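Novice: kindly generate the corresponding structure for this input.
(chains A, B, C and D)
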There are 2 protein chains.
Amino acid sequence: MDTTLPKRQRIKQQNRQSILDAGRRVFAEQGYDAATVRDIIRATPLAAGTFYNYFTSKEEVRQALEEELASALRPRLAEGRAEASTGEEFLSAFFSSVFALRTERGAGLEEADLRAGLDDLRADLDAAVGRGLFRALDTAALAAALLAAADDVANRLRRHGGDPAQATEAVTRLFLAGVQPP
Amino acid sequence: MDTTLPKRQRIKQQNRQSILDAGRRVFAEQGYDAATVRDIIRATPLAAGTFYNYFTSKEEVRQALEEELASALRPRLAEGRAEASTGEEFLSAFFSSVFALRTERGAGLEEADLRAGLDDLRADLDAAVGRGLFRALDTAALAAALLAAADDVANRLRRHGGDPAQATEAVTRLFLAGVQPP
DNA sequence: AGATAAGTTGACGATCCGTCACGGAACTGT
DNA sequence: ACAGTTCCGTGACGGATCGTCAACTTATCT
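Specialist: Purely as a prediction, here's the structure:
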C-alpha cells in the first residue's frame, strides 16, 4: 500500500477521508439537520480549524458523500440495459437493478441517491429509442417517471415484503402498455 | 372584521401569522439552511422567547408553511379529475393543472410542494379504476410516476418555454399508450 | 543543516440556541 | 369598578457553535 506518495499529500487524503467517514457516521446517527460541524470534527482526531481546510460547511461534506455513493451506484444501476434487445428487457433490467440495490442496502438509500443514475437512464433511453426499442417520446419525462415508480415500489417491497420479480413484471407492463383498459 | 374574539386569542393568531409570514420571507431570501430562528424573529416585532411559545424550531415553521401552501394547492391540483369520463380526460386534467400552477406561481413551487397532492391523486386514480377508466394497476406507483413526469415537464416549460397544451398531450399519450413502438 | 513553505492547532469574538424569572396586560368573579 | 388570578411577551443568561487567525510543528526544498 506504500505508494511512495509525498507524505504531505498522503496525510491530506487521509484527513479528508477521516472527515468524510466521520460525517457519514454522524449523519447516520443524528440526522443531517441535527448534526453540526463540531460533531463531525469531534468524531475525528483533528482540530476544529482543520475542518475548514477541507470543506467550508457540512453541506459540502454531504455533497461529497453523495458523490462518493453515486459513483459507486451508477454502474450497478445501469446494469443490463445496454444489452437489452427489447423494450421489455430494458425496463425489467432497470427495475430489478433498483429493487436489488434497495433490498441489498436496506435503508440509508433514499430516492435522492437513486437520482444519481437519472442522467444515465435518460441517455440509455435515448439510445434505446435510436435502436427502435421504444417509440419516439420525451425521454427526460419518462426517466423521471420510471425512477419515481421504481422508488415507490422498492419502498413498499422493503417495508411490506413481496416478490421483486412479480413487482418488476407489473411495473414493467405499466410503462410498456400504458394504463388503458384492454 | 371585529369578530368579537377574546383579545388574547386574537393576538395569538396574529403573532403566529406574523412568525409564519416572516418565516416565508426569510426562507425565500436566505434559503432554509442559512436562515435562523433569530432571523425570523428579527423580521417580526416580537421578542426571541416568544417564538418558542408558537414553534419549537425553524423546521416546525417550515412544516406549517408547507401545510398552508398544500391546503391552498390541493383543490387546484385535483380540478377536473372527478368529472373525467375517459382515461385521457383524467390524465389531461392532471397535467394541465400542474402546468397551470407552475407557470402561474413561477419559481417558489418545488416538487416537494406538488407532493401535497400525491395522496389525492392516488385516491382519484383508485376511483377511476373503479369506474373502468384505467385497467387494474398499481395506483401508488402510477401516482408517483405521474407526479415526477409532470414536474419534469413543467420545469422545462417554465425554463425553456413551450406550449403547455402540446406538452399535456404528449405526456398524456406516454402514460395512456405506453412506450412500445407502433 | 538551515531556510522555507505547508498545514495543524486551539483559542477568540461573534452569534445562535433554548430557557426562565420577571412584569404587565387580559380575564374572572364579586 | 376593583382586586385577584392567569396568561403570555420580554430580554437577559449560560451553554454551544460558528468561522478565523496567529503561533506552532513538520515536511520539503536548496
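Novice: got the residues of chain A near DNA strand D?
Specialist: Selection of chain A residues close to DNA strand D by C-beta under 7 Å from any atom of the strand yields A:6-9, A:36-39, A:48-49, A:52, A:56-58. The way it works is simple: take the backbone N, C-alpha and C, and place the C-beta from them, glycine included.
Novice: can you flag which of the residues you listed belong to strands?
Specialist: Counting by DSSP state E, no part of these is found in strands.
Novice: contact residues of chain A facing chain B?
Specialist: A:33, A:59, A:87, A:91, A:132-135, A:137-138, A:140-149, A:151-153, A:156, A:170-171, A:174-182 (C-beta under 8 Å from any C-beta of the partner chain).
Novice: which of these are buried, as a PyMOL select command?
Specialist: Buried residues within those, by 16 or more other C-beta atoms under 10 Å in any protein chain shown, are selected in PyMOL with:
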select buried, chain A and resi 87+91+133+134+137+138+140+141+142+143+144+145+146+147+148+149+151+152+153+171+174+175+176+177+178+179
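Novice: buried stuff in the lowest-mean-pLDDT helix or strand in chain A?
Specialist: Least confident element among the helices and strands of chain A, by mean pLDDT, DSSP states H and E: helix A:111-114 (a mean of 93). Neighbour counts over helix A:111-114 (16+ other C-beta under 10 Å) mark A:113, A:114 as buried.
Novice: so what does it touch, helix or strand wise?
Specialist: With contacts defined as 3 or more C-beta pairs under 8 Å, 6 or more residues apart in numbering or on different chains; DSSP states H and E, the packing partners of helix A:111-114 are helix A:58-77, helix A:139-160.
Novice: show me what the helix or strand just after the last one is packed against.
Specialist: Pointing back at helix A:139-160 there. Moving toward the C-terminus from helix A:139-160, the next helix or strand (DSSP states H and E) is helix A:164-177. If you count contacts as 3+ C-beta pairs under 8 Å, 6+ apart, helix A:164-177 packs onto helix A:87-105, helix A:139-160, helix B:139-160.
Novice: 6 Å instead?
Specialist: helix A:87-105, helix A:139-160 (3 or more C-beta pairs under 6 Å, 6 or more residues apart in numbering or on different chains; DSSP states H and E).
Novice: now these in TSV, with distance to residue B:98 and mean pLDDT?
Specialist: TSV is the format used below for those (distance: least, C-beta to C-beta, whole Å; pLDDT from 0 to 100):
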stretch	distance to residue B:98	mean pLDDT
helix A:87-105	24	96
helix A:139-160	12	97
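Novice: residue A:124 sits in which helix or strand?
Specialist: In the assignment (DSSP H and E), residue A:124 maps to helix A:118-131.
Novice: what's the burial count for residue A:75?
Specialist: 10 (other C-beta atoms under 10 Å in any protein chain shown).
Novice: ok and the residue in chain A nearest DNA strand C?
Specialist: Proximity of chain A to DNA strand C (C-beta to the nearest atom of the strand) peaks at residue A:49, 1.8 Å away.
Novice: got the buried residues for the lengthiest helix in chain A?
Specialist: The single longest helix within chain A, with elements called by DSSP state H, is helix A:7-30. Going by neighbour count (16+ other C-beta under 10 Å), the buried part of helix A:7-30 is A:15, A:18, A:19, A:20, A:22, A:23, A:24, A:26, A:27.
Novice: cool, and stretch A:47-64?
Specialist: A:51, A:54, A:55, A:58, A:61, A:62, A:64.
Novice: who touches the second one in this structure?
Specialist: With contacts taken as C-beta atoms under 6 Å, 6 or more residues apart in numbering or on different chains, residue A:54 has the following neighbours: A:16, A:19.
Novice: let me know the pLDDT of it.
Specialist: For residue A:54, the model assigns a pLDDT of 98.
Novice: how far away is it from DNA strand D?
Specialist: Distance of residue A:54 to DNA strand D, computed by C-beta to the nearest atom of the strand, to the nearest Å: 11 Å.
Novice: can you give me the distance of that residue to residue A:47?
Specialist: Going from residue A:54 to residue A:47 by C-beta to C-beta, to the nearest Å gives 12 Å.
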